[in-house]
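Peer 1: My questions are about this predicted structure, shown below with the sequence.
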Amino acid sequence: MIIQLTNGRAAEIEIILGDITIQQVDAIVNAAHEALMGGGGVDGAIHRAAGPSLLQECRSLEQVEPGVRCRVGEACITDGGRLLARYVIHTVAPKFVGSAINGIYKNAKDGTDDDLAACYINCIKLADLNNISSIAFPSLGTGGHAYPIELASPIAIKSTIESLENTDNVSKVVFVCFSLFDYDVYVKSMEKVM
C-alpha cells in the first residue's frame, strides 16, 4: 500500500507472511534482548542466518549499564553479516504484564505501549540517519515478551506511519508476519488505522 505523507513524500507499507531473515531490504529489525547476545525466536533466527560476525559485532558495542547494550524502546545498528540485508537494527520491546477482559487488553505497567511505539520510532529514526530506504520489522514483543498481537499491531502501524512523516530516506516498510494468524491481525489493523 502506498501512503501519502503530510511532508509531501510517499511511502510504501507492505504486510507479508514470511521469514524476516531472507528479506531483500536495506535493514531488518531484530527483536533483541538488552544484552544483544542472541537468543530464541526472531533474535536467534537472525543470529543464525547472519553468522558469527553479528554476535561478535554486538559484543563490541558499549554497555550502557552492566549487561545492557540496548535499553527497552531504544535501537542500535550493526552490519548484517551473511544476511541479504546490509544492516540489522536491534531494538528491545517491553514485556506485556497485564490481562484481557472480554477481548480488551490492559497492560499493568503504565507507559508500556509508549515503550513499544518507541521501538518502531527509534528504528525508523536510526534507519533514516543511516540513509536506509527500506526496512523490515517482525511483530515486536509478541513472542516471548507476550504482547497480545491485537494490541501490538495497531501500535506498530500507527507509530511507523507517524515516524515516516519525519524522515527523508525511509520509503518502504515491510511488516513480516511469521504466522497466518499474525498476518490476518496485521491486515485488519492496517485497515482500521487507514
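Peer 2: Thanks, I have the structure now. Numbering: from 1, shown residues only.
Peer 1: so the residue nearest to G18 when sequence neighbours are not counted is in which element?
Peer 2: Of all residues not flanking G18 in the chain, V176 sits nearest, at 5.4 Å (CB to CB, 6 or more residues apart in numbering). In this view, the C-beta of every residue, glycine as well, is placed from N, C-alpha and C. In this structure, V176 sits in strand 172-177 according to DSSP states H and E.
Peer 1: Does anything pack onto the helix or strand just after that strand? Which helices or strands?
Peer 2: From strand 172-177 onward toward the C-terminus, using DSSP H and E, the following helix or strand is helix 180-193. Other helices and strands packing on helix 180-193, by 3 or more CB pairs under 8 Å, 6 or more residues apart in numbering; DSSP states H and E, are strand 10-17, helix 149-164, strand 172-177.
Peer 1: out of these, which comes closest to M37?
Peer 2: The closest of the helices and strands packed on helix 180-193 to M37 is strand 172-177. By CB to CB, the value is 22.7 Å.
Peer 1: what are the C-alpha coordinates of that closest one, in PDB please?
Peer 2: Coordinates of the C-alpha atoms in strand 172-177 are reproduced here as PDB (Å, rounded to 0.1, in the frame of the first residue of the first chain):
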ATOM      1  CA  LYS A 172       9.500   1.300   2.300                       C
ATOM      2  CA  VAL A 173       8.400  -0.600   5.500                       C
ATOM      3  CA  VAL A 174       7.600  -4.300   5.400                       C
ATOM      4  CA  PHE A 175       5.900  -6.000   8.400                       C
ATOM      5  CA  VAL A 176       7.000  -9.600   8.200                       C
ATOM      6  CA  CYS A 177       4.500 -11.900   9.900                       C
END
